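J.: predicted model, plus sequence, below.
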Amino acid sequence: MKNKNAKIWIRSLIVALVCFFLVLVLYFQGLFNFFENQTYDRRMNFAAKYVTACDDISFIIVDQDSIDWAKENYGWGWPWPREAYGRMIDFISKGNARSVAFDILYTEPSIYGQSDDDALAAAEKESGITVQALNVIVDYENDTKAGQFPLKQIADNAAILGAVISDKDDDDMIRRGRLEYEYEGKTYPTLGTAPIYMQGDKALIDAVPRLKDGSVLLRYQSSIDNYHPYSAYDILHSYDVYNGLAETDEDDFYFDPDEFEDKYVFVAYYAPGLYDICSTPVSQVFPGVGVHITTLDNFLTDSFLKKMPELIVYIWIFALAILGSFVVTLASTRNHQRQTVAIMIAGFVGGLLLVVGVPYLLFAKGIWLVLIAPAVAFFTAFMVCLVLSLTVEGKQKRFIKSAFSQCLSKDVVNQIMNDPSSFTLGGKNFQMTAIFTDIQKFSSFSELLTAAQLGSLLNFYLTRMSDIIIDEHGTVDKYEGDAIVALVGAPVEMEDHAVRACAAAIKMKKAEVLMNREIEEIAAGPIPSGMEQDLYDAFKIMVENKKTIFTRIGMNSGEMIAGYFGSENKKNYTMMGNNVNLASRLEGVNKQYHTNGILISAATRELLGDQFIVRSLDRVRVVNVNTPLRLYELLETREEADEEFLKYVEDWEKAFALFEEKDYHASYKSFEALSARNPLDNVVKYYMKLEEDYFLKGKYPTEQDDAGVAYNPEDGVFKLMQK
């Protein structure tokens, strides 16, 4: 046994080494870059909550409100005269700001004339703290660059120029920033670092650790709004107040230039259509100026992300490959199945926590450790060892077969993986909602179609309906011909099981309308490409015989048993209990009341709140159930219901209340008015017919009548005569 175990451990080590070198080759070739970038972005969003914006940075935006305000107060059209930005510079510099950087290119003369450009240049010169932007357009196809510089007088009077250029990854995402940019033999700071250069602190910039290509990894805020941007009109208005050019009162908002003391100020366009949009890990529509603000923020707070050294990365990949293989090996050498399962699960979960948790935690601390390559190493080693163990070790093979051979159903596989102890015969109690559906008069379809045509039609219908149930986290129990038996609330418990079930039911009825329309449209033309001939023929026959799909749905909520039932060799996940039987009964009761297709019990109704529109129907005793229960017809979601429909349902409730109060003449008139408003409401017609045949004549339907119900005047309960 010792020799056998030694061989298994040696095999495990070999597997780990092979997986390590394989992953390393793929890592060097960059095959993980796309997925690594995706996890990088998610970690950036995760880590953003742990950093706060630098208080030394202020952000002024020229937004639509500012443009509208300036139009009204100054008569400025767009673009603004550059004098406006000169006023901003004057105001900010009087507050002893450290810098004011413009993410705006002044490459063309002002449309207001040279005096306007001169006004901006004069303000720059007076302040001595202005940073103006330059851009470089790169033609990668022809390998040429074209610089875009400010006008001469604007450039000459600026304290410094800053390049508005960013490094984009292959997916057009900006994760890295530049501290400087070289153009035609001259090195320029970027807009984010220009204020530091301007202060003569270039040595501090040079000391920042960088990646091999000279870029730095930016650590973004969750939103540019974290810098509490000022609107440009706040600055212009405060400028007017400060210089005595505008009157103000105590309710007017303005501030002194001291607001910007020792601040690094950025000014940028922020109105729709004016500012450049970048894709960053925290937003696909991130303002371009935000990249430069982030660069300065990271410098001032020493929070640039640091990439883990490559040697540590290699060691980490190898360690996880070892862990993946050793977990399976340790589990397979146990003598007890429970120990094997426990070690396998604990090792897998532990490895998963390490693979994901360590890179996330390090990222929150400002360190980027790759995630995908180590994850691939772990999972590959784990799976290879597992496959080898299943193939070579008979005991492990029997374990896997006994544990998983009967749990391939996609409806319950998640529960088995999360709770292996649930994979036993029998079940447990759940609070859930049962759903029973059936196509009305489906036997008439069978008489018209061949077996192949009928099968294709059923697949078409059941696929659509089942997908809706599954989308609402339901589980399809079984199919019985055209009928669907489903449940919501197991194997995973759900507090909103009734809401999800009712949402599914309404979606199914709406899908039914679309299916009938689709059938008519397809049958009216040639067979669509890729459609089965049997399905097309079924559609044609249905339309020729004026057949449409009409689904009846019954639902009930309450305590039911759900679990695996059957034998050790064959078991299915299903449900049982009185509440299940009641849901089945309600599906058939739709026919008695001529509903639009959905009946729910009072138990389900109580769990819905006001999200859905329902209408009250009779208190009844269904077949084989003596306890009376209230029926409700589920009509629509409240979100989709218009005022006219809500008023109609309100009037129905009033009419039905009269009926239950035995004021039959008054209720009949109300039903008659409702029928005039909606001639397609067959439920109203049902009650009118019931009153005409019985209640208005002073008698009640009995079991001997052909009404389908028998009425007990003592308790006001109808007994249903059919299932």
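T.: Received, thanks.

J.: make it CA atoms for all contacts and neighbour counts henceforth
T.: Will do.

J.: in what helix or strand does residue 595 lie?
T.: Assigned by DSSP states H and E, residue 595 belongs to neither a helix nor a strand.

J.: give the contact list for the closest residue to it other than its chain neighbours.
T.: Leaving aside its sequence neighbours, residue 595 sits nearest to residue 683 (Cα to Cα, 6 or more residues apart in numbering; 5.7 Å). Shown in contact with residue 683 (Cα atoms under 8 Å, 6 or more residues apart in numbering): 593, 594, 595.

J.: just say helix, strand or coil for residue 683.
T.: helix (DSSP: H, G, I helix; E, B strand; the rest coil).

J.: pull up the gap between it and residue 668, please.
T.: Look at residue 683 and residue 668: by Cα to Cα, to the nearest Å, they are 13 Å apart.

J.: equivalent analysis for residue 435, please.
T.: From residue 435 over to residue 668 (counting by Cα to Cα), the distance is 33 Å.

J.: the two: which has the busier surroundings?
T.: More neighbours surround residue 435 than the other of residue 435 and residue 668, with 30 against 24 (other Cα atoms under 10 Å).

J.: name the helix or strand for that one, please.
T.: Using DSSP H and E, the element containing residue 435 is strand 426-439.

J.: pairing partners for that strand, with directions?
T.: strand 483-488 (antiparallel), strand 551-566 (antiparallel) (DSSP bridges).

J.: contact partners of it?
T.: 482-490, 493-494, 497-498, 501, 549-565, 579-580, 583-584, 587, 604.

J.: list only buried entries from those residues.
T.: Those of those that meet the buried threshold are 482-490, 494, 497-498, 501, 549-565, 579-580, 583-584, 587, 604, by 16 or more other Cα atoms under 10 Å.

J.: still on that earlier bit, gap between the strand holding residue 435 and the chain center?
T.: 28 Å (Cα atoms, centre = their mean, to the nearest Å).

J.: C-terminal to that strand, what's the next element?
T.: Following strand 426-439 toward the C-terminus (DSSP H and E): helix 442-448.

J.: what helices or strands is the next helix or strand after that next one leaning on?
T.: Proceeding C-terminally, helix 442-448 gives way to helix 451-471 as the next helix or strand, assigned by DSSP H and E. Applying 3 or more Cα pairs under 8 Å, 6 or more residues apart in numbering; DSSP states H and E, one finds that helix 451-471 makes contact with strand 475-480, strand 483-488, helix 497-523, helix 533-544.

J.: on that earlier part again, now the contacts of residue 683 in a markdown table, with neighbour count and pLDDT?
T.: Below are the contacts of residue 683 laid out as a markdown table (neighbours: other Cα atoms under 10 Å; pLDDT from 0 to 100):
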| residue | neighbour count | pLDDT |
| --- | --- | --- |
| 593 | 20 | 94 |
| 594 | 16 | 95 |
| 595 | 20 | 96 |
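
J.: closest one to residue 346 out of these, please.
T.: residue 595 (52.9 Å; Cα to Cα).

J.: pretty sure that closest one is in contact with residue 685, am I right?
T.: No - counting by Cα atoms under 8 Å, residue 595 does not reach residue 685; the two are 10.4 Å apart.

J.: give me the low-pLDDT residue ranges for this structure?
T.: For the chain, the stretches flagged by pLDDT under 70 are 1-5, 249-252, 333-338, 340, 390, 392-426, 568-569, 571, 723.

J.: contacts for stretch 239-247 next, please.
T.: 87, 88, 91, 237, 248, 254, 256.
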